[in-house]
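> kindly generate the corresponding structure for this input.
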Amino acid sequence: MKTTTRVLELLSSTSTYLSGQQIADQLQLSRTAVWKAIKALQDKGYAIKSKAHVGYCYVDDNTLNETLIKQNLNNSLDLDILLYDSLPSTNLKAKELSLDPTLKRPVVLIADQQTAGYGRYQRSFLSPKKTGIYLSILLDNDQVDFDPGLLTTATAIAVTRTLEKLFPITPSIKWVNDVLVDGKKICGILTEGIADLETQTLSQIVIGTGINFATPMTAFPPKLHQRIGSLAPYLAKTSVSRNQFIAEYLNQFFDIYQNYATGNFMPEYRAHCELIGKQVTIEQGQKQFNAKVSDINDHGALVLADGRILSSGEITKIRKE
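I've put the predicted structure just below:
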């Protein structure tokens, strides 16, 4: 393990100041090695405060930190967490890692920035550095009849539970994969499968989540401001960091995931969904039509008033009554 990593882990595990000598003694390093490691961490952006004759103290200022994330995970979770300064896409990287047999599952990939983030239908997902949460989970799949819609809806509930636990927020869900706060999208979810060509089965799953956490609205084109939102206004009133949010989201996700195939969370999903009973415009491929939504079934599919059941598509407009 690198000296910088060891020093960061030690400082992250305490809220008090540690002297350079205490750090050196605990890690069996020289004072010079400690000083160089702290300087390197500060240069990389970690908020390590120093006080003369007292020592050093780490401050969680939203810089991604594996130690802080793991400290806030449920004791039952044993996850491989991989942090990246920048990736084209966490989902794409997860697909690459799916070929590595030495990595145990699940694997959590988190990037500080995405340069080619994408959502459904390959639409671009803006992912500016240091402010958002761009996270993918690589999972083995042992289900013969894997239901991607049900996993996407389960993930949406993991996000809403996290929001409700950490903020004074009542989020809503726009079928099938968007989580909204104050009527604006702050989170998108994308579930993708990885096929085993030899067995012709779906061997692994990638579930990607992109969240506008501390992202300022100036990061988005003005034409998106009516539809896209951010948690930034709520962060000003709380001390929640990206590391805390990520840990709580992972806690909620894996709590649901162990039994998600039962669909026992669907009543909660329906309660958060803003579509039931509404007249909407639906787009499927090149086709667009109007319909009334009567329900969402236990597989996360849209049930229309005329009896049709849709497992895919996009709601492009919700009519106000």
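
> what's the neighbour count on residue 10?
A count of nearby residues for residue 10, using other Cβ atoms under 10 Å, gives 18. Every C-beta, even on glycine, is put in place using the N, C-alpha and C of the backbone.

> repeat for residue 78
Other residues close to residue 78 by other Cβ under 10 Å number 9.

> number of residues surrounding the closest residue to residue 62 other than its chain neighbours?
What sits nearest to residue 62 in space, not counting adjacent residues and going by Cβ to Cβ, 6 or more residues apart in numbering, is residue 242, at 4.8 Å. Here the count is done by other Cβ under 10 Å, and residue 242 has 25 residues near it.

> before we move on, what SS does residue 42 have?
Secondary structure, DSSP: H, G, I helix; E, B strand; the rest coil: residue 42 is helix.

> swap in residue 116?
Recorded secondary structure, residue 116: coil (three-state DSSP).

> ok, whichever strand or helix holds residue 50: who's next to it in the sheet?
In this assignment (DSSP states H and E), residue 50 forms part of strand 48-51. For strand 48-51, the paired strands and their directions (DSSP bridges) are strand 55-58 (antiparallel).

> all the strands of the stretch 51-200 of the chain, residue numbers only.
Defined through DSSP state E, counting those that start in this stretch, the strands belonging to the stretch 51-200 of the chain, from first to last, are 55-58, 80-84, 107-111, 133-140, 172-174, 178-181, 184-196.

> export only the CA atoms of the first one, formatted as CSV.
Right, strand 55-58. C-alpha atoms of strand 55-58 as CSV (Å, rounded to 0.1, in the frame of the first residue of the first chain):
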residue,chain,number,x,y,z
GLY,A,55,-0.6,18.3,13.9
TYR,A,56,-2.8,17.4,11.0
CYS,A,57,-6.6,16.9,10.6
TYR,A,58,-8.6,15.6,7.7
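
> give the buried residues for the longest helix along the chain.
Of all the elements of type helix in the chain, the one with the most residues (DSSP state H) is helix 148-166. Along helix 148-166, the positions that meet the burial threshold by neighbour count (16 or more other Cβ atoms under 10 Å) are 148-163, 166.
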